[in-house]
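Enquirer: okay, predicted coordinates and the sequence, questions at the end:
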Amino acid sequence: MQQITDIFKVKDLMKRILFVAGALAVYRLGAAIPIPGINAAALKTLFETHRGGVLGFLDIFSGGALGRFSIFSMGVMPYINASIIMSLIQGAHVFPFLDRLAKEGETGHRKIIQITRIFTLFLAAFQSLGLTVALVNMPVPGGNAIVAETDFNFYFLTVLTLTTSTVFVMWLGEQITERGIGNGISLIIFAGIVDRLPKAISDMIGLVQVDEMSILTALLIIGVVFVITAFVVWVQTAQRKIPIQYAQRQVGRKVYGGVSAFLPLKVDQSGVIAVIFAVSLLSVPYTILQFNPQAQWANIIMKFLSPSSLIYQALYVGLIVFFCYFYNSVSINPKDLAENMKKWGGFIPGIRPGEPTANYIERVLNRITLGGALFVSLIAVLPDYLRLKLNVPFYFGGTSLLIVVGVALDTVAQTEAHLIMRNYEGFSKHSKIKGRWFNVGV
């Protein structure tokens with residue numbers, strides 16, 4: 001309680017937390033406002049029918065906005081997809097213009113972000129049109145139409161509303177990152193997933209009360225959730241510490257160096273980024289297929305892309321592993337680390353400075369990344385099967401759990417950093433660092 005009380009003593013930190021709370025409240029308000037002209041009853045029937053399919057899966061990440069067909073139905077998915085495509089283009093060095101911008105420092109980085117925003121606008125318009133066409137043409141059990149009149153005005157206003165709201169949500173996420181605590185885009189997805197938690201708990205209590213679920217099964221479900229959460233926290237915080245030794249050097253009358261430190265490499269360096277990227281990329285084919293949802297080939301592909309299919313799970317695991325390695329290649333440069341170590345007189349015991357050090361760091365990084373990626377993939381897939389075996393009455397997915405735990409850990413870590421910077425004790429016993437970190441370029 002003392003650490004929580006310290007938050008209220010830091011005015012800047014309190015302003016940031018209140019700004020995040022207000023921004024998320026605005027997002028949840030927009031997620032509850034439906035598009036005009038929608039038959040809410042028919043829409044609810046449609047999503048109950050496809051609860052275990054792609055629609056139900058995407059509805060989870062929109063925080064229920066897609067199930068209401070609200071003005072925020074698209075959420076941040078177009079922005080994430082645009083960011084993925086821009087990152088892949090930069091990594092492949094397709095356009096020399098982007099390579100030049102990347103080397104211009106902060107100015108170039110801002111220009112790349114602006115290009116990503118413009119790309120998001122066009123991608124949001126395309127995905128909005130695909131989503132509108134899909135929901136209008138999708139058959140609803142009972143024969144009720146989701147939209148009574150589907151003329152040009154309806155399509156134009158709906159696509160315009162969804163596209164504009166996507167740009168607003170993108171801006172809101174950037175404001176949270178700049179003026180709040182944590183990553184704004186991740187927090188928006190986090191808020192949508194957590195919003196369903198109270199209803200899930202009340203549904204499970206209701207099933208126990210009417211004897212449709214035994215108390216033992218309910219306790220088993222809660223136990224599984226806690227165990228998987230503990231494993232996720234363990235992997236998210238796990239590090240491989242490479243020992244660093246600094247040689248002594250004398251400058252004038254002062255002696256520098258001669259101390260030991262370590263280079264911390266996280267097992268899961270990408271955090272929830274790889275998971276969010278994989279989910280976003282898998283939603284793109286579904287959007288394209290909705291322009292002709294009645295075709296036989298479209299139904300076959302959608303069947304294979306159902307979250308419960310083995311092909312979907314294999315693609316999902318493959319994308320998570322790919323994005324874990326891709327994120328590491330973008331965020332960590334072993335050659336720069338080795339050069340900085342050599343510049344400051346540091347070396348890894350038993351490894352020669354320069355290129356051998358870079359090769360050693362890269363080899364260690366590849367090993368721990370593979371282990372972390374496979375573990376994240378296992379957590380993302382395994383709870384779905386446990387949910388089916390235990391007949392869990394609510395959506396308990398590993399993807400949701402990974403995002404919730406990862407975003408929560410990142411937000412708490414940033415809050416703790418603000419407290420420690422102002423000479424307050426952090427939340428955990430690890431906040432008092434015993435030793436030194438060698439943290440150049442990471």
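Expert: Perfect, thanks for sending it.

Enquirer: so the residue nearest to Val233 when sequence neighbours are not counted, which of the three states?
Expert: Nearest residue to Val233, sequence neighbours excluded (C-beta to C-beta, 6 or more residues apart in numbering): Val405, at 6.1 Å. All C-beta atoms are positioned from the backbone trio N, CA, C, and that covers glycine. Assigned with DSSP: H, G, I helix; E, B strand; the rest coil, Val405 falls in the helix class.

Enquirer: now do the contacts for Val232.
Expert: The contact partners of Val232, taken as C-beta atoms under 8 Å, 6 or more residues apart in numbering, are 379, 401-402, 405-406.

Enquirer: what's the farthest-apart pair in these?
Expert: With distances taken as C-beta to C-beta, the most widely separated pair in these is Ile379 and Gly406, at 10.6 Å.

Enquirer: what about the two, which has more around it?
Expert: Gly406 (26 against 21; other C-beta atoms under 10 Å).

Enquirer: the closest residue to the more buried one other than its chain neighbours: how many residues sit nearby?
Expert: Once flanking residues are discounted, Gly406 sits nearest to Val272: 3.5 Å by C-beta to C-beta, 6+ apart. By other C-beta under 10 Å, the residues close to Val272 number 24.

Enquirer: equivalent analysis for the one 3 residues further on, please.
Expert: The number of residues packed near Val275 is 28, by other C-beta under 10 Å.

Enquirer: so it is in which element?
Expert: Applying DSSP states H and E as the criterion places Val275 in helix 273-289.

Enquirer: which is the next helix or strand following that helix?
Expert: helix 296-304.

Enquirer: which residues are in contact with the next helix-or-strand element following that following helix?
Expert: Using DSSP H and E, the next helix or strand after helix 296-304 towards the C-terminus is helix 310-331. Here helix 310-331 makes contact (C-beta under 8 Å, 6+ apart) with 87-88, 90-91, 268-270, 273-275, 277-279, 281-282, 304-307, 365-366, 369-370, 372-374, 376-377, 380-381, 384, 442.

Enquirer: and helix 310-331, which residues are buried?
Expert: By neighbour count on 16 or more other C-beta atoms under 10 Å, the buried set for helix 310-331 is 312-313, 315-317, 319-321, 323-328.

Enquirer: so where is the stretch 201-350 of the chain shaky, pLDDT-wise?
Expert: 248-258, 287, 290-294 (pLDDT under 70).

Enquirer: outline the domain layout of this structure.
Expert: 1-192, 196-269+332-442 (automatic domain parsing).

Enquirer: how far off centre is the longest one?
Expert: Taking C-alpha atoms, centre = their mean, to the nearest Å, the mean C-alpha location of domain 1-192 is offset from the chain mean by 12 Å.

Enquirer: average pLDDT for it?
Expert: For domain 1-192, mean pLDDT is 83.

Enquirer: strands of this protein, start to end?
Expert: Secondary structure of the chain (DSSP state E): strands located at 239-246, 249-251, 254-256, 260-266, 346-347.

Enquirer: which one of the ones you listed is the most hemmed in?
Expert: Of all these, strand 346-347 has the most neighbours on average by mean count of other C-beta atoms under 10 Å, namely a mean of 20.

Enquirer: Serialize the buried residues of helix 310-331 to TSV and add fields for distance to Gly30.
Expert: Putting the buried residues of helix 310-331 into TSV (distance: C-beta to C-beta, whole Å) gives the following:
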residue	distance to Gly30
Tyr312	30
Gln313	32
Leu315	31
Tyr316	29
Val317	33
Leu319	29
Ile320	30
Val321	35
Phe323	28
Cys324	32
Tyr325	36
Phe326	32
Tyr327	30
Asn328	35
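
Enquirer: closest one of the residues you listed to Phe97?
Expert: Nearest to Phe97 out of the buried residues of helix 310-331 is Phe326 (C-beta to C-beta; 21.1 Å).

Enquirer: any idea how far that closest one lies from Ile273?
Expert: Separation of Phe326 from Ile273 (C-beta to C-beta, to the nearest Å): 10 Å.

Enquirer: same deal with Leu101?
Expert: Leu101 is 21 Å from Ile273, by C-beta to C-beta.
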